[in-house]
Structures are given as structure tokens and as C-alpha cells.
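Student: sequence unavailable; structure follows:
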């Protein structure tokens, strides 16, 4: 069975997003020395850098790169699923052109970018990890022939337990089979432990 | 395409990471911090974080603490603009207020360069700005200093240092994805 076969009915997105915004305003994160290549083909790379630890989760930047394009007039679409669109849980097919991405903790808990669904009851177990998409930037390449690239910030809450922390991706439309890279969660937890309030008076409630 | 027009760092490179998270300056109402560092073969990038409390309602109107995209066009920068300096161990330095140094011949190795963007900012009950910066070239081994001065927020010259060797080591781990990319400069 593929890692992406059973998307979870999630998430407490509104609550999670509010927590994340507050943390980002109030807390200077620690930074983990992590730079990964999750997958690579002749013309596509999925990398991960900028891992920052917060008290309630961690943030990273997914770096997607395409080599110089063969057909400069090829129409290139945003390669990440949008807010609940498509929604595999509602029977939507998940196009091969979209990157599948997920994170798995050492105790088996996992979250993927196919789980997100903004308007569901907030009945998710509090320890169920959630993935929040933040800001992103990129370029579709285009007529200059330049390769496309995207940098997308993602947040995972809560923090992982000690042990292996897996980043998993698959991208059928770019010829990338399910690919898994594991790191030790220790540096992420160390970064989270190093996070501290911006102000000496602490975090406002 | 001339070197001036080529983007840097090129998207063709996945940076190495030299962990840094330091508060440069802190008052009751203002915090200035730096995180990063993303290290590339020819330079490095970092994020400047500004957090403000109790911004006066009059200040909130069109408040923008960076000189980039600001409205000011006079000979002297107003106090509300943050001054940021990057200083290498050998004495070379660059500030965010310096004019660009790239010419048609590419970067001048004797004059570090600092460029910015993208950035985000704004707020309701507090103000938050995060700005990306990129500096070239790589620092030499020894102290790499981040120095800020912000007269309008009561922050005198404040300094934090990291080891330039750590940035260079991270740069060695940066991954260039495709060689001979015509849309990337050699540096």
C-alpha cells in the first residue's frame, strides 16, 4: 500500500493557523542544520531546508526545482494542492501533476498535503499532526526556457517525538516514485527547545 | 543576458544551512532578530525579523521600516528606517542603505553586496516584519557581524557575531542541481 493511499479526514485548520500566527509573532524559532534532497530525477528536484523549531511545531521550506524546460511554451501549473482542492476525501481525483508530500513521526503518526480540508468538525485528536501551508514563491519558467521553481513554507504541528522523522514525497507527473528520507528528530527538537520569546516580558496570551 | 540581470542566488542551488537564531536588539517595544543562514557557493542569505509593540496610531499609517520600497527620497534616511550592516572579519562591510554595487562586470570582490526581498509585514495588535536578505561574497573565517541601528525605535548600535567559517562550511554542502545552466551566473 502506498503511503498516500489513505488521506486522513482532518484538520483543525482554523485553530492551528491561529496558534501558528501567534507563535510566529511572539517567538524567535531555533534553526536546525537540515538540508535535504527528498527526490531527484534528471529534470526535477524536491529539496527541504530552513527547518525552524517552535514550542508547538516546526516549519520548513520545500524547494521544488525543474531543470531548463524542453518546451518553453509548456503550460506549468502550481504544483501543490490548494485549500481543500482537490479533496480526495470527497472523491476528487488527485492529479498526477500535483506533488504528494507528507511527514511521518517515529510513533507512526503522519500527515500529508492530501489531508488538508479547511471546513471539518474540530474533532481531531489533539496529537494528530496537521500540516499548514504558509507563504510561497516561485516562477513557472516560461518562454525564456528557464526551469521552474517553487519555495513553499509548511508548518507541522505538534512537534515530533524523538526518533526517526520521515519526509515522504511522490510525484507521478514528474516521474518521481514514492521517496522517503528519514532524519533524527533530535535537531528539530533541539531547535524547538532553543526557541524563545522576542520580548523579555514573554509571550502575550 | 548580462550578469546584472541574472538572479542570485540561482534557483539551481539548494543551500546548505548554518543554523543561526539571534536577537540583535531588544527593548520593551521592539525586537530585531536574525535567523538563517542559507549558504550558497558564492554568498549567503538570512532573514531579518522585526517585532514591534505599542506602535503609535499615527505611526501605523504607512509605517515601513525598510528603505526598500519606502517613500523617502531625500538625502538622509529618516529615523524610522532600520540600518543594518554586515561586517566581515577582514573589515569589509556593507549596509542595507548602500547603493547597489553590481556592474556589468559582476560583483566587486572587494565590496560585499547586500540585497533584499521578498518580505512580509503588517499587524493588528502587534507589528511583524520579516525580510529576506542576500549577501555576497562568502565571509572569510572569523567573526561575521550583524549590526543594527534604529534611531526611531530607540535602538543604538547592536551587534551579534557568528563564525564565518561555519557559513563557509555550510556553503560547501550547498547542492548545485544542474551544471552549465545558462540562466545562472557563474558565482
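Tutor: It's in. Fair warning: this is a prediction, and the values are worked out from it, not measured in the lab.
Student: pull out the buried residues from the helix ranked longest in chain B.
Tutor: Secondary structure of chain B per DSSP state H: the longest helix is helix B:164-172. Of all the residues in helix B:164-172, those buried under the rule 16 or more other CB atoms under 10 Å in any protein chain shown are B:164, B:166-168, B:170-171. C-betas here are computed from N, CA, C, even on glycine.
Student: so which of these reach chain A?
Tutor: The residues of the buried residues of helix B:164-172 that also fall near chain A, by CB under 8 Å from any CB of the partner chain, are residue B:170.
Student: C-terminal to the longest helix of chain B, what's the next element?
Tutor: Moving toward the C-terminus from helix B:164-172, the next helix or strand (DSSP states H and E) is strand B:175-176.
Student: what average pLDDT does that next one get?
Tutor: In this model, strand B:175-176 carries a mean pLDDT of 90.
Student: that one near chain A at all?
Tutor: Yes - Strand B:175-176 reaches chain A (CB under 8 Å from any CB) through residue B:175.
Student: now do that strand: distance to the chain's middle.
Tutor: Centroid separation for strand B:175-176 versus its chain: 22 Å, with CA atoms, centre = their mean, to the nearest Å.
Student: between the buried residues of helix B:164-172, which sits nearest chain A?
Tutor: Checking the buried residues of helix B:164-172 against chain A by CB to the nearest CB gives residue B:170 as the nearest, at 7.8 Å.
Student: give the contact list for the closest one.
Tutor: A:33, B:15-18, B:37, B:39, B:44 (CB atoms under 8 Å, 6 or more residues apart in numbering or on different chains).
Student: got JSON lines for those residues, with pLDDT and secondary structure too?
Tutor: Conversion of the contacts of residue B:170 to JSON lines gives the following (pLDDT from 0 to 100; DSSP: H, G, I helix; E, B strand; the rest coil):
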{"residue": "A:33", "pLDDT": "95", "secondary structure": "coil"}
{"residue": "B:15", "pLDDT": "95", "secondary structure": "coil"}
{"residue": "B:16", "pLDDT": "96", "secondary structure": "strand"}
{"residue": "B:17", "pLDDT": "95", "secondary structure": "strand"}
{"residue": "B:18", "pLDDT": "96", "secondary structure": "strand"}
{"residue": "B:37", "pLDDT": "96", "secondary structure": "strand"}
{"residue": "B:39", "pLDDT": "97", "secondary structure": "strand"}
{"residue": "B:44", "pLDDT": "96", "secondary structure": "strand"}
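Student: dump the residues you listed to CSV, plus distance to residue B:8 and neighbour count.
Tutor: Shown next, in CSV, are those (distance: CB to CB, whole Å; neighbours: other CB atoms under 10 Å in any protein chain shown):
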residue, distance to residue B:8, neighbour count
A:33, 23, 15
B:15, 12, 26
B:16, 16, 23
B:17, 18, 22
B:18, 18, 25
B:37, 16, 26
B:39, 13, 28
B:44, 11, 29
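Student: for residue A:68, state which of the residues you listed is nearest.
Tutor: Nearest to residue A:68 among the contacts of residue B:170, counting by CB to CB, is residue B:15 at 20.2 Å.
Student: related to what we said a few turns ago, with distance to residue A:87 as extra columns, can I get the contacts of residue B:170 in CSV?
Tutor: Formatted as CSV, the contacts of residue B:170 follow (distance: CB to CB, whole Å):
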residue, distance to residue A:87
A:33, 36
B:15, 34
B:16, 37
B:17, 34
B:18, 40
B:37, 39
B:39, 39
B:44, 40
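Student: in which helix or strand does the residue nearest the centre of chain B reside?
Tutor: The centre of chain B sits closest to residue B:133, judged by CA atoms, centre = their mean, with a distance of 3.1 Å. Using DSSP H and E, residue B:133 falls within strand B:127-136.
Student: helices or strands up against whichever helix or strand comes after that strand?
Tutor: As assigned by DSSP H and E, the chain's next helix or strand after strand B:127-136 is strand B:143-150. Here strand B:143-150 touches strand B:16-26, strand B:30-40, strand B:83-87, strand B:155-163, helix B:164-172, going by 3 or more CB pairs under 8 Å, 6 or more residues apart in numbering or on different chains; DSSP states H and E.
Student: tell me where the model's unsure across the chain.
Tutor: I went with chain A, as the question did not name one. Residue ranges of chain A with pLDDT under 70: A:8-16, A:69-70, A:72, A:83-84, A:89, A:116-124, A:140-146, A:202-205.
Student: hmm, no, I was thinking of chain B.
Tutor: In chain B (pLDDT under 70), the answer is B:1-7, B:59-62, B:68-75, B:100-107, B:109, B:122-126, B:182-183, B:185-187.
Student: show me what from it comes close to chain A.
Tutor: So far as CB under 8 Å from any CB goes, chain B lies against chain A at B:11-12, B:14-21, B:23, B:26, B:28, B:31, B:33, B:35-36, B:38, B:49, B:51, B:53, B:118, B:120, B:123, B:126, B:128, B:170, B:173-175, B:177-178, B:181-183.
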